[in-house]
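>>> Please find the sequence and the predicted model below.
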Amino acid sequence: NNEVVSALAALLDVTKEKEKEEEANELKEIIDSSIALVSYTDKNGKVLYRNKAFKKIKPMINGTYSVSPEKKSTSDIGFASFEQALEYVRNHDYWIGENELISENGEVVHILQSIKAHKNKNNEIIKYSTTAIDISELKKKEEQTKKLASIINQSSAYFKITDIHDHIIFINDALKKALEIDGHDNVANSSFSEFYNKTAPTFDDNSMNVKPELIQTGFWQGETYFKSKHGKIIPVLKAQVLHKDKKGNPSYISTTALDLTIQKEKENELVKMNGELLELYNRLQEIREEERNEIARNIHDDLGQYLTMLKFNASWLRDNLKDQDIKTMQTVNSLLLYAQNTIDASRRLMNNLHPNMLENIGLIPTLQWHIQTFSQSTGIDVVLHTQSKQFNFFEKVNLCIYRVLQESLTNILRYAKATKVDVNIAYENNQLNMSIEDNGIGFEASKVDSSHHHGLKSMKERVFALGGKFNIISAHNQGTIIKIKLPNVLERDSLIS
């Protein structure tokens, strides 16, 4: 019986050993097929086993495990050789951190590594096991990310990353400097809304929130204003990109902004300069009109008086020389006719220089008189369409409308070869709209340089001086339309019908 028991015990031991061996082989197969780098050494560091993934790297070992002499570990523990690593593990049982291997072809392989000491019952180290994963690709991406972060941080453009609620994740040095954030200020996770200028004229509440179009399209661009910690206002052109997670949910927002301070200052200077030029132009126009008025008054007072006396004397001669010969009477009648024609011409000249009729009878009757005179002398049919017989426009507005019509009809007579002209004047919401349309030969408006056409230039300048808009629509053989719009034209908010 004892022999049977012994035999059974021996068989049982063999079976257990067999099972252990099978388990060991199965574990070895698992380890051998793993993508992790697995190896173990004896207590002196001599390699006893390396799995396939480890062998594939072909590290420079020469009988003992080796790490790169250029080792720069991120774990605060770095080793110039495996012997140093083993010395640390002997004292602490294990070590975990990043390391570098140098492959047979000299390539540096970055690994995340764990080294563990295995002891016997007497607490003596008998071997070391190493488990590692290749993080070379991660390190490459990390280096790329660092380079990108360095570029962003050194950029003069402003850059920030926030969550979708505008809580700060990252801001670059340029933006920190602009917002006067020093090294002692912890702005992480704080809201960026405190750095928006909410009192700016163009500020929109959505400027500091996620724009609806950003959610819809993933991109938004526009102007807004930042405000530094100490209240400095910074106009910026801002571009935002919405980033989503793998599930497609909004995750964070990256914002790039360009400082527009210098551009805005230049814009303000240009606006100021344009305003000053506009004031100068208006003053020059006033001086010009005053000079015209003075010349017209001199023609009326001096030349008009002489012409009237000439006509009176010619009439007296005609009445008192009835019995004279026919030739003498013809000469006197001719003199009388020339005097009348000269008087009519001087009146036209006075009205062209300064239309006193605007002040005496108002805008619409003056335009009707000018249109009637033009049509009679040229044969061109001109029709005035207006919703009212009279308007209470400012004097400068009346003069501008008259001069535009005057110059337009002159251009039509010279160039258009038109037979009909329609003039429309309408008023709505304290804005005057005027159009002058002819059926002439037209021209390519885009090819006309108004700087060489003083009539067009003069019309434009008059309209722009009053804050209006001037537009020409024309095409070959399709006639021409001149449109003007003048704002704030009524002297009193009423119409005289």
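Nice, I can see it.

>>> pLDDT averaged over stretch 421-433 - what is it?
The average of the pLDDT scores along stretch 421-433 is 92.

>>> Mind listing what's buried along it?
For stretch 421-433, the neighbour count (16 or more other Cβ atoms under 10 Å) marks Val421, Val423, Asn424, Ile425, Tyr427, Leu432 as buried. In this view, the C-beta of every residue, glycine as well, is placed from N, C-alpha and C.

>>> Which members of the residues you listed define the maximum pairwise distance?
Farthest-apart pair in those is Val421 and Tyr427; separation 20.7 Å (Cβ to Cβ).

>>> what's the spacing between Pro355 and Lys457?
Distance of Pro355 to Lys457, given as Cβ to Cβ, to the nearest Å: 21 Å.

>>> got it, and Thr378?
Distance from Thr378 to Lys457, by Cβ to Cβ: 24 Å.

>>> Hmm, Ile233 and Tyr225 touching each other?
Yes: counting by Cβ atoms under 8 Å, Tyr225 touches Ile233, with 5.8 Å between them.

>>> Who has more neighbours out of those two?
Between Tyr225 and Ile233, Tyr225 has the larger neighbour count (other Cβ atoms under 10 Å), namely 21 against 13.

>>> can you pull out the strands in the stretch 151-300 of the chain?
Under the criterion DSSP state E, counting those that start in this stretch, the stretch 151-300 of the chain contains strands at 158-163, 168-171, 219-227, 233-244, 250-259.

>>> To Thr386, which of those lies closest?
strand 219-227 (42.0 Å).

>>> List the buried residues for the closest one?
Buried-residue list, strand 219-227, by 16+ other Cβ under 10 Å: Trp220, Thr224, Tyr225, Phe226, Lys227.

>>> What sits closest to the fourth one if chain neighbours are left out?
In this structure, Phe226 finds its nearest non-sequential neighbour in Ile234, 4.3 Å apart by Cβ to Cβ, 6 or more residues apart in numbering.

>>> List the contacts of the one you found.
Ala178, Asn197, Tyr225, Phe226, Lys227, Ser228, Asp259, Thr261 (Cβ atoms under 8 Å, 6 or more residues apart in numbering).

>>> Listing request: residues of this structure with sub-threshold pLDDT.
Low-confidence segments of the chain, defined by pLDDT under 70: 1-15, 59-83, 184, 200-211, 296, 300-301, 322-324, 448-454, 491-497.

>>> Asn105: what secondary structure?
coil (DSSP: H, G, I helix; E, B strand; the rest coil).

>>> Got phi/psi on it?
Dihedral pair for Asn105: phi -90, psi 10, per degrees, to the nearest 10.

>>> Tell me how far it lies from Lys58.
8 Å.

>>> ok, the two, which is more surrounded?
The neighbour count for Asn105 versus Lys58, taken as other Cβ under 10 Å, is higher for Lys58 (14 against 7).

>>> thinking the more buried one is in contact with Ser103, fair?
Yes: if you go by Cβ under 8 Å, Lys58 and Ser103 touch, sitting 5.4 Å apart.

>>> Can you get me a residue count around Phe159?
19.

>>> Quick check, it in contact with Leu148.
No: contact between Phe159 and Leu148 fails when scored by Cβ under 8 Å: they sit 10.7 Å apart.

>>> give me the number of residues near Ile164?
Counted with other Cβ under 10 Å, Ile164 comes out at 16.

>>> How about the backbone phi and psi for it?
phi -70, psi -10.

>>> So which residues of the stretch 1-150 of the chain form helices?
Per DSSP state H, counting those that start in this stretch, the stretch 1-150 of the chain carries helices over the ranges 2-33, 52-57, 82-92, 136-154.

>>> Kindly reformat those helices as TSV containing mean neighbour count and distance to Gln240.
Formatted as TSV, the helices of the stretch 1-150 of the chain follow (neighbours: other Cβ atoms under 10 Å; distance: least, Cβ to Cβ, whole Å):
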stretch	mean neighbour count	distance to Gln240
helix 2-33	10	48
helix 52-57	16	44
helix 82-92	15	48
helix 136-154	12	15
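
>>> So for Thr308, which of those sits nearest?
helix 136-154 (86.1 Å).

>>> contacting residues around the closest one?
Val108, Val109, His110, Phe159, Asn172, Asp173.

>>> Tell me how far the residue nearest to the fourth one when sequence neighbours are not counted lies from Asn197.
Spatially, and ignoring its direct neighbours in sequence, Phe159 is nearest to Asn172 (4.4 Å; Cβ to Cβ, 6+ apart). Note on Asn172: its distance to Asn197, by Cβ to Cβ, is 20 Å.

>>> Can you tell me, leaving aside adjacent residues, what's nearest to Val241?
Ser254 (5.0 Å).

>>> cool, Ile473 as well?
Ile481 (4.4 Å).

>>> In contact with the one you found, which residues?
Ser435, Ile436, Glu437, Ile472, Ile473, Ser474.

>>> what separates the fifth one from Asn351, distance-wise?
Between Ile473 and Asn351 the distance is 30 Å, computed by Cβ to Cβ.

>>> Kindly report the same for the last one.
Distance from Ser474 to Asn351, counting by Cβ to Cβ: 29 Å.

>>> again with Lys460
Here the criterion is Cβ to Cβ. By it, Lys460 lies 23 Å from Asn351.

>>> Pull the contacting residues for Phe54.
Contacts of Phe54 (Cβ under 8 Å, 6+ apart): Leu37, Val38, Ser39.

>>> one more time with 10 Å, if that's ok
By Cβ atoms under 10 Å, 6 or more residues apart in numbering, the contact list for Phe54 reads 31-32, 34, 36-39, 47, 101, 111, 130-132, 134.

>>> ditto for Gly467
Gly467 makes contact with Leu278, Lys485, Leu486, Pro487, Asn488 under the criterion Cβ under 10 Å, 6+ apart.
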